[in-house]
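Asker: Build the 3D model from these lines:
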Amino acid sequence: PVGLIFGQSGCGKSSLVKAALLPWLQERVQHVYLEASQDDTETRLLAKLRARFTDIPAETGFVAVFAGLAQGRWLPPGGKALLVIDQFEQWLYANQECLIGELRDALRHCDGEHLQSILLVRSDYSGPASEFFQLLDSRVAEGVNCERIDLFNKAHARHVLAKYGQGYGSLPVDRTLASADQNRFLDLAINGLAEAGKVVSVRLALFAQLMRHREWTPATLESLRGFEEIGVAFLEETFRGKDAAPGHRRHQRAILAVLRALLPPPGIEIKRHRRGEPELVELAGYSQRPRDFEELRSILDKDLRLITLASDDDGETAGYQLAHDYLVPSLREWLRRAFACVPWSLAGCTGGAQGPFLSFAARQSQAQWEYHRRFLASGARLRFRPHTAHGRPWTTRYEQAYRAARGDPRVGYAVKNLATGRYL
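Answerer: Residues are numbered from 1 along each chain as shown. Purely as a prediction, here's the structure:
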């Protein structure tokens, strides 16, 4: 009656259901697909059910709708309703203190004949999901009501990447007509994307998207200086490029803050460097703008799969972390470039969005740059005060470097008069 599909983040659970299951259902099976959220899963699911089955009376409650569908009401003769709830870990996260509620009571009405449900959840939430199934008076049995989605092996990943190339017009439709360089490109790409002989499908898709306007040859990979640089190029195009989506541009500063907070120090695993949602909301500057943070979270989690909710081994949710280890080197380099760069608007210049890189003497550290952005002059006279930036105390060395940097015009224009709001 209720099935479970689980797998690692980015393994392709959603794509599998959307492309290989739902389009191939029999006509008698009417499906409803929903991505779970932390606060309104039941409300949105009820709205989708009413839209799909228009005979449901307006006064019928959430649990009663499930009970009626399980009895065959509002269904055509021989009909069946299939509910697919994706990203079910979002609901588990929000209801971890108590899994008993309307959704549990509603899903218990699934009978498999008239009403069936499928829950999609990340593998690190398999523990809470099993506990939820026990509350449904069921048990998770792989191969019976549960299926695990594995990562791509290298052979299948190569086949999928070739299909992307054909779709983008970068490779010939007839694979036998592919040149030696194009075949070499596919081999090099898969070897670079693979970890322990497996390829994360979302990483494969992002790579193909980044390469869609480039030639698929080994020379192209060499020009990008390795797969770390490919990741950097993807992040730059996605968030700061000229073709970046408007939503990405609007949340650019908050995205930088959240990703920097989730980036672990060298030698630390991503699962050891998690951050709670309240902390990320504060860092993003969205304490009074919950809708903006929800949109930001949707971009980084649902759309790009860069961050993910994480749980401890005991099933307790510990907060957000980066979704994949392979992101760390590229993200570290991208953030280094982003924060080592003086915005043109602050420098009083015109030109591209990236701006000039400061010399070593001018930017002794990122802490120094943030210092003179936050603690600025009153009139022409600079007033220094002790301050800790990024965990570093403001020492005499930083103060001397800051005073020396004032002679550099690229830095001097960034000093703001707090009284007039103008840059000196």
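
Asker: helices and strands of the chain: which one bottoms out on pLDDT?
Answerer: helix 344-347 (a mean of 33; mean pLDDT, DSSP states H and E).

Asker: Spell out the residue ranges of the strands in the chain.
Answerer: With strands called from DSSP state E, the chain shows them at 2-7, 29-35, 80-86, 115-122, 146-149, 152-153, 198-199, 307-311, 317-322, 388-389, 392-393.

Asker: For the fourth one, give me every contacting residue.
Answerer: The list of residues contacting strand 115-122 from outside it, by Cβ atoms under 8 Å, 6 or more residues apart in numbering, reads 1-9, 13-14, 17, 66, 69-70, 80-89, 92, 107, 109-110, 129, 308-309. Glycine gets a C-beta too; all of them are placed from N, C-alpha and C.

Asker: Can you list the strands that it pairs with?
Answerer: Taking DSSP bridges as the criterion, strand 115-122 forms sheet pairs with strand 2-7 (parallel), strand 80-86 (parallel).

Asker: Go through these and name the closest to V328.
Answerer: strand 2-7 (21.3 Å; Cβ to Cβ).

Asker: What residues of that closest one count as buried?
Answerer: 2-7 (16 or more other Cβ atoms under 10 Å).

Asker: got it, and stretch 154-163?
Answerer: For stretch 154-163, by 16+ other Cβ under 10 Å, it's 156-158, 160-162.

Asker: for stretch 9-21, same thing?
Answerer: 9-14, 16-17.

Asker: any idea how far H248 lies from F293?
Answerer: For H248, the distance to F293 (Cβ to Cβ, to the nearest Å) stands at 15 Å.

Asker: cool, and V17?
Answerer: 28 Å.

Asker: now swap in A189 and tell me
Answerer: Taking Cβ to Cβ, one finds A189 at 35 Å from F293.

Asker: Same drill for those two, tell me which one is more crowded.
Answerer: A direct count of neighbours by other Cβ atoms under 10 Å for A189 and F293 places A189 higher, at 25 against 20.

Asker: residues contacting the closest residue to the more buried one other than its chain neighbours?
Answerer: Distances taken as Cβ to Cβ, 6 or more residues apart in numbering put L161 closest to A189, at 6.2 Å, once the chain neighbours are dropped. L161 makes contacts with 186, 189-190, 204, 207-208, as judged by Cβ under 8 Å, 6+ apart.

Asker: again, only this time at 10 Å
Answerer: Neighbouring residues of L161 by Cβ atoms under 10 Å, 6 or more residues apart in numbering: 152, 171, 185-186, 189-190, 193, 199, 204-205, 207-208, 211, 216.

Asker: now do R50
Answerer: Applying Cβ under 10 Å, 6+ apart, the residues contacting R50 are 56-58, 60, 65, 74.

Asker: Then V63?
Answerer: 42, 46, 101-109.

Asker: so what pLDDT did the residue nearest to A189 get?
Answerer: In this prediction, L161 carries a pLDDT score of 95.

Asker: do Y402 as well
Answerer: With respect to pLDDT, Y402 has a value of 56.

Asker: How about Q8?
Answerer: Confidence score, pLDDT, at Q8: 85.

Asker: and the gap between it and P290?
Answerer: Taking Cβ to Cβ, one finds Q8 at 29 Å from P290.

Asker: Pick out whichever of those two has more residues nearby.
Answerer: Q8 (21 against 11).

Asker: wait, doesn't I56 sit right on A67?
Answerer: No. With contact defined as Cβ atoms under 10 Å, I56 does not reach A67; the gap is 11.5 Å.

Asker: Overlap in contacts, the two.
Answerer: If you check I56 and A67 against Cβ under 10 Å, 6+ apart, the residues they both contact are R73.
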